[in-house]
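*Asks:* Below: sequence and its predicted model.
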Number of protein chains: 4
Amino acid sequence: MTIKEGDLVLFIYKGKRELRKVIRRVRRGEYFHTHLGTICHDDVIGLEWGSSIKTSTGGSILVLKPTLSDLMEQIPRRTQIIYPKDAAFMIIKSGISPGSLVVEGGTGSGSLTLCLSFAVGESGLVVSYETNKDFLKLASRNLKRFGVKNVVLKNKDIRDLDEKEVDAIFLDIGNPWDVFEQAHLALKPGGTICCFVPSYEQMRKVVLSAKDNGFGVAEVYEVLLREYEVDERRTRPKPWMIGHTGFIIIMRKIIDSDGQQSQIT
Amino acid sequence: MTIKEGDLVLFIYKGKRELRKVIRRVRRGEYFHTHLGTICHDDVIGLEWGSSIKTSTGGSILVLKPTLSDLMEQIPRRTQIIYPKDAAFMIIKSGISPGSLVVEGGTGSGSLTLCLSFAVGESGLVVSYETNKDFLKLASRNLKRFGVKNVVLKNKDIRDLDEKEVDAIFLDIGNPWDVFEQAHLALKPGGTICCFVPSYEQMRKVVLSAKDNGFGVAEVYEVLLREYEVDERRTRPKPWMIGHTGFIIIMRKIIDSDGQQSQIT
Amino acid sequence: MTIKEGDLVLFIYKGKRELRKVIRRVRRGEYFHTHLGTICHDDVIGLEWGSSIKTSTGGSILVLKPTLSDLMEQIPRRTQIIYPKDAAFMIIKSGISPGSLVVEGGTGSGSLTLCLSFAVGESGLVVSYETNKDFLKLASRNLKRFGVKNVVLKNKDIRDLDEKEVDAIFLDIGNPWDVFEQAHLALKPGGTICCFVPSYEQMRKVVLSAKDNGFGVAEVYEVLLREYEVDERRTRPKPWMIGHTGFIIIMRKIIDSDGQQSQIT
Amino acid sequence: MTIKEGDLVLFIYKGKRELRKVIRRVRRGEYFHTHLGTICHDDVIGLEWGSSIKTSTGGSILVLKPTLSDLMEQIPRRTQIIYPKDAAFMIIKSGISPGSLVVEGGTGSGSLTLCLSFAVGESGLVVSYETNKDFLKLASRNLKRFGVKNVVLKNKDIRDLDEKEVDAIFLDIGNPWDVFEQAHLALKPGGTICCFVPSYEQMRKVVLSAKDNGFGVAEVYEVLLREYEVDERRTRPKPWMIGHTGFIIIMRKIIDSDGQQSQIT
């Protein structure tokens, strides 16, 4: 249970106001520089996870194994990422589990992709589509760095998706309604489509378009996260919070067996 | 991809205000009675998931494969359950993934247990402790009904936990601080402890007690979920919402290598 | 400082879960019946405000002078009322103060009207328009009951408003944009228009229509109120909360002196 | 209705991201400098409220009469101020109206004082206590600048308050419970005490201490404000919001006529 060369390590140390978190892959001969002084990676190798290490100037740095949430939050990015609070809720609502086949539209920097990869496990598969080559290159590097093996990235419009019998489709693109027809074909009966959009106009268009495309029982959510400060003196919510990331819309593929699904949804 | 005898089925149909959701295991010869009329399970067998079926009196009922969230929300209960919004966030923050060894204190009705079971997959294991025999019996029945195989239930105080090298411990009990010493011993270095408590007094006591017991980098969260109504006429948040479930506290097991961890956390 | 015949009294007593609040005008010979027993108004007269009184069966009822918020919350209604949380914020943003001339569109049951009446005081005036005669009758009765003297109710479409040099206009109607032209004419230069609408579609239409009608610096708000429970054992947010009432849009009348206001707003 | 020398003017102009707002008293010969260029106060005098004025370099600046909310938000401060969202709700809950006698403990920079001054009007009076001389000097300057006449500032501990038959007492101090005995004596029967505190520990101590000091029917609130962005392209909540200011506790002075008030509260 000690840190080995090549491990991803989360360094945590005091910043001016809040704790700072940095993720590095540990390699012999490399250094990690902070405002609290420097540490040599060589001194990290062999340490137990959860230990503290002293910097060159006596500062103290904690070394931890990064969690999925740490990886998502620290992912190198060129796009707005999906936050853990949203990704976690989307997945629990999506019906996927270890072994599922999942398609993602809009890889972006790969933060949701990473999360989906964890959710389906080694026996599952995530296929993610991204038209922007620069984003795809970054996402590919990020996923490789995190040792992800169950993801296939495709530099292709998701409207041309190749998969069939898909368990769930996740869309983090500006115009999810343009994909509904193809998504319906690719999904298993009863499969889930999950859209993440920042504006009301998009949220509304997703819900109203979905009905015409064979999706039903739409649920629309927004996840708000409140953080608290607790110290010896007092307990209170943090003075600032993220006010908005996006709306989550969850829908199921409906089979129009008797032309009656509109009665229900 | 059709419904077979023995499958768990989520029936969705119109209630007076909101959609109603009921989960049943499909068995030949049984009936499902609703205010919209009755359906015979025999007629459900062989249907495609996502189909609609007509009741005896012409009502329409949708048949879907229940998602993890559906199972958690519909779980038969004798205790306050942990909601999907909270469970999903706890898990993404906990560092667990398919294959992890997880311990839970306070099985209750088994809703978080079920969620943990999905998260660690077939290659992982969840051991859950519950002192109340009636709760344990119910949880056991619930998990069996959902076909869960990677969970061991123990009718024992979690302070007497047997596991070692545990990846994460989840505590949904009134006095989590009483378990911190044993939890620290059972966890892997750097492992995660995740507590869920309803009141400020408990939240504060968790955070302050943890420091003395070798846990660090405590983060305290509250997840608020807003639901939206979208129809042809308009879009708006639902007029009522759940105002509070509980606080989530995430901490890591710290190794006191140099007596300096208090500098960081 | 004792209660006199004819005073409005707020009775507070224990309900099954929460405190119950009822407002009555005290009149000799009348009775107030509760599930805790009965009290005779005669016994209330002469009591000090803030006293408790015993019912016929030994129950205890507290007698208080109702605040503005109590009056608004307990107002007899046939429409959705504006809540104190929203009314208070609208008024502090509106620029009105004791002495102001205020116009309201959509009297409804009169809850916002009452609040505006308090805000402008005896030296001010509120003119409120309502096309529905039944609503107006109810609002008239409510305001009379509360002893309000600085309000004029008009059974007329607010688009035919008669006032000039108005300090602020409050619109609690479904189609506020239909009034913008007339509102602009009626307002003082720089005066405020304040709209309250439940849906996004309306909120958006208000903001976009306003620019074309000479209103600027639009601000859109939503006020969320969280209530807390504190007792000997614990402190926590209440388990349920109001999830949505409406959006508040505040705008100022802009004078198009140089055709440049669009640069700013 | 034109701007005169000596008027307080709110200048609004485009900043890099958001609109900038600055309040100045207009005086002949003075200049207002911005990153968009300079304007001479002389050119503002005589303009209609709500007009735009061009700067030296062609920028456009809107001139408006500041509302109470503008004054509170822009008040020169050396302390944490109370925001309009909180002040407005406290006042609507407090039972005060034009003509009331109000006592404030903790003048601070005077933002709540200003708000109370508006609420009680010319016929009312606000007496505000502040032990810190520097704060009192600043508050005095602020209130004078805003032309407030119905406020008396006292450089004294509020525990030595001189007033009797007070309608409501507002406490924005760290230890409100230390004032409860004196506050109870000073209030009218049934009068209101309103506390604003940032932490849970304080909120809890306020509520529990109050019962022993003759206050009842405590209500605890938190006001959260969500702002929205609407433009031609889309509508959405702002990405950041204020996560916490403080808790509002409202209580009434109870007369212990029969030793039974504890049954109710």
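*Replies:* That came in fine, so what should we check first? Just so you know, these numbers come straight off a predicted model, no measurement behind them. Numbers count the residues shown, from 1 in each chain, chains lettered A, B, ... in the order given.
*Asks:* rest of the way, CA atoms for contacts and neighbours
*Replies:* Fine.
*Asks:* State the distance from the residue nearest to residue A:154 when sequence neighbours are not counted to residue A:144.
*Replies:* The shortest distance from residue A:154 to any non-neighbouring residue, by CA to CA, 6 or more residues apart in numbering or on different chains, is to residue A:129 (4.9 Å). According to CA to CA, to the nearest Å, residue A:129 and residue A:144 sit 16 Å apart.
*Asks:* of those two, who's got more company?
*Replies:* Taking neighbours as other CA atoms under 10 Å in any protein chain shown, residue A:129 and residue A:144 compare with residue A:129 leading, 24 against 12.
*Asks:* what's the pLDDT at the more buried one?
*Replies:* With respect to pLDDT, residue A:129 has a value of 98.
*Asks:* isn't the residue nearest to residue A:154 right up against residue A:102?
*Replies:* No. Contact status for residue A:129 versus residue A:102: not in contact, 11.3 Å apart, counting by CA atoms under 8 Å.
*Asks:* quick one: residue A:207 from residue A:95, how far?
*Replies:* Here residue A:207 is placed at a distance of 19 Å from residue A:95 (CA to CA).
*Asks:* again with residue A:148
*Replies:* 22 Å.
*Asks:* More neighbours: the two, which one.
*Replies:* Using other CA under 10 Å as the criterion, residue A:148 and residue A:95 rank with residue A:95 on top: 20 against 17.
*Asks:* who's in contact with the more buried one?
*Replies:* Listed by CA atoms under 8 Å, 6 or more residues apart in numbering or on different chains, the contact set of residue A:95 reads A:167-168, A:192, B:66-69.
*Asks:* Using ChimeraX, define a selection of the buried residues within those.
*Replies:* Applying 16 or more other CA atoms under 10 Å in any protein chain shown to the contacts of residue A:95, the buried members can be selected in ChimeraX as follows:
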select /A:167,168,192 /B:66,67,68,69
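*Asks:* Tabulate the contacts of residue A:95 (TSV), appending pLDDT.
*Replies:* Formatted as TSV, those follow (pLDDT from 0 to 100):
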residue	pLDDT
A:167	98
A:168	98
A:192	98
B:66	96
B:67	96
B:68	96
B:69	96
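*Asks:* Look up how far residue B:56 lies from the spatially most central residue of chain A.
*Replies:* Nearest to the centroid of the C-alpha atoms of chain A, with distances taken as CA atoms, centre = their mean, sits residue A:112, at 2.5 Å. Distance of residue A:112 to residue B:56, given as CA to CA: 44 Å.
*Asks:* For the stretch 51-200 of chain A, just list every one of the helices.
*Replies:* For the stretch 51-200 of chain A, applying DSSP state H, counting those that start in this stretch gives helices covering A:68-74, A:84-94, A:111-120, A:133-145, A:180-186, A:200-212.
*Asks:* name the helices or strands packed onto the third one?
*Replies:* I take that to be helix A:111-120. Packed against helix A:111-120, as judged by 3 or more CA pairs under 8 Å, 6 or more residues apart in numbering or on different chains; DSSP states H and E, are the following elements: helix A:68-74, helix A:84-94, strand A:101-105, strand A:125-129.
*Asks:* redo that, cut-off 7 Å
*Replies:* Applying 3 or more CA pairs under 7 Å, 6 or more residues apart in numbering or on different chains; DSSP states H and E, we find helix A:111-120 packed against no helix or strand.
*Asks:* next one: the second one
*Replies:* For helix A:84-94, the helices and strands in contact under the criterion 3+ CA pairs under 7 Å, 6+ apart are strand A:187-197, helix B:68-74, helix B:84-94.
*Asks:* mind giving me a markdown table with these and columns for distance to residue B:108?
*Replies:* Listed next are these as a markdown table, based on distance: least, CA to CA, whole Å:
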| stretch | distance to residue B:108 |
| --- | --- |
| strand A:187-197 | 29 |
| helix B:68-74 | 12 |
| helix B:84-94 | 14 |
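*Asks:* Could I get the pLDDT score of residue A:257?
*Replies:* Residue A:257 carries a pLDDT value of 58.
*Asks:* distance of the closest residue to residue A:136 other than its chain neighbours from chain D?
*Replies:* Nearest non-adjacent residue to residue A:136, counting by CA to CA, 6+ apart: residue A:130, 6.2 Å away. As judged by CA to the nearest CA, to the nearest Å, residue A:130 and chain D stand 24 Å apart.
*Asks:* Also residue A:209?
*Replies:* The spacing between residue A:209 and chain D, counted by CA to the nearest CA, is 18 Å.
*Asks:* wouldn't that residue be in contact with residue A:179 here?
*Replies:* No. Using CA atoms under 7 Å, residue A:209 is not in contact with residue A:179; the gap is 10.5 Å.
*Asks:* Of those two, give the one with the bigger neighbour count.
*Replies:* Using other CA under 10 Å, the more surrounded residue of residue A:209 and residue A:179 is residue A:179, with 18 against 15.
*Asks:* and the residue nearest to that one when sequence neighbours are not counted, how many neighbours?
*Replies:* The spatial neighbour of residue A:179 that comes closest, neighbours along the chain excluded (CA to CA, 6+ apart), is residue A:159 at 5.5 Å. Other residues lying near residue A:159 total 15 when counted by other CA under 10 Å.
*Asks:* Show me chain A divided up by domain.
*Replies:* Taking automatic domain parsing as the reference, chain A has its domains at A:8-66, A:69-264.
*Asks:* most tightly surrounded among the ones you listed?
*Replies:* Among the domains of chain A, ranked by average contacts under mean count of other CA atoms under 10 Å in any protein chain shown, first place goes to domain A:69-264 (a mean of 20).
*Asks:* Now do that one: distance to the chain's middle.
*Replies:* Distance, stretch centre to chain centre, for domain A:69-264: 8 Å (CA atoms, centre = their mean, to the nearest Å).
*Asks:* Give me the pLDDT value at residue A:18.
*Replies:* So residue A:18 comes in at 87 (pLDDT).
*Asks:* Could you check the pLDDT of whichever residue of the stretch 151-265 of chain A sits closest to chain C?
*Replies:* Here the stretch 151-265 of chain A gets closest to chain C at one residue, residue A:200, 7.5 Å apart by CA to the nearest CA. Residue A:200 carries a pLDDT score of 97 in this model.
*Asks:* Report the contact partners of it.
*Replies:* Shown in contact with residue A:200 (CA atoms under 7 Å, 6 or more residues apart in numbering or on different chains): D:235-236.
*Asks:* do the same with residue A:112
*Replies:* By CA under 7 Å, 6+ apart, residue A:112 lies in contact with A:82, A:87.
*Asks:* Roughly how far does it sit from residue A:140?
*Replies:* Residue A:112 is 13 Å from residue A:140, by CA to CA.
*Asks:* cool, residue A:182 as well?
*Replies:* 25 Å.
*Asks:* which one of the contacts of residue A:95 sits closest to chain D?
*Replies:* Of all the contacts of residue A:95, residue A:192 has the smallest distance to chain D: 25.4 Å, by CA to the nearest CA.
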